[in-house]
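Chemist: generate coordinates for the sequence data below:
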Amino acid sequence: MFKELFTYLETNQPIATLITGVLAIFAVILSQLWLDWRQTRAHKHEVSLKDKELDLKKKEELIETINIQVLDIARVEDVFDSWFNNFSKNYTASEMSQLLMSINIRLDKIHILIQLYFPCYIPYINKIMGEAQGFLELCADFSMAAKFGSEGFHKLEMIEIIEKCNEYAVAYMHLSSHVIEPELIEKYQLKPS
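Modeler: Below you'll find the predicted structure:
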């Protein structure tokens, strides 16, 4: 069959030229389609990698911010402890107000990051916002008592602020561990407060 076809094409040069041209055009179209498909696939993969890279950068930023927040919460506890141990030497109202302001600003940053990039963690940040209210109120109570002198401050129970700092820090640590290991969300559902 092929031998007869080749013999026919050898005798009819114009038809052979036409068929060769059609085959060449067909080959070019196929190669162009193959190239376009590969480029589209490569582009989608590149976009996917950029999305993953952005996601990882935002996760890293979120975790770093949470870690700084936990350290500052521990500093609050340390400041109150230093006031409690030697009030006259260690008391400075501005130190506590600056620390609480940076904690509050960082809470807002964490809230914004979660709303923009990680909506699955909104229940966690809502829980943290609730914890923040109690934490800030207790810190304000302790700070106000300190403003009126060591007598009023020493009447307060130091264990209260330690427990509240620990609760607040643990809420952040839960969020951080769930950001690091997202499977924990399905394994350990957030229980409402």
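Chemist: for the chain, what's the longest helix?
Modeler: helix 13-85 (DSSP state H).
Chemist: in the chain, which residue is most central in space?
Modeler: Residue closest to the average C-alpha location in the chain (CA atoms, centre = their mean): Lys59, at 3.0 Å.
Chemist: if we can go back for a sec, what's the first helix or strand after the longest helix of the chain?
Modeler: Per DSSP states H and E, the first helix or strand lying C-terminal to helix 13-85 is helix 87-90.
Chemist: the longest helix of the chain: how far from the chain's middle?
Modeler: 16 Å (CA atoms, centre = their mean, to the nearest Å).
Chemist: circling back to that earlier point, I'd assumed Val179 was in contact with the residue nearest to the centre of the chain.
Modeler: Yes: with contacts counted by CB atoms under 8 Å, Lys59 reaches Val179, the gap being 5.8 Å. Quick note: C-beta positions are derived from backbone N, CA and C, even for glycine.
Chemist: mutual contacts of these two, please.
Modeler: Phe118 (CB atoms under 8 Å, 6 or more residues apart in numbering).
Chemist: now Lys109, what's its secondary structure?
Modeler: helix (DSSP: H, G, I helix; E, B strand; the rest coil).
Chemist: ok, it - contacts?
Modeler: Contacts of Lys109 by CB under 8 Å, 6+ apart are Thr65.
Chemist: check what pLDDT it gets.
Modeler: Looking at Lys109, its pLDDT reads 94.
Chemist: what about it, distance to Asp55?
Modeler: 18 Å (CB to CB, to the nearest Å).
Chemist: so where's the protein uncertain?
Modeler: Scanning the chain for pLDDT under 70 picks out 183-193.
Chemist: how about a cut-off of 90?
Modeler: Where the chain drops to pLDDT under 90, the residues are 1-24, 26-28, 30-31, 33-56, 79-97, 118-134, 136, 138-162, 164-168, 170-193.
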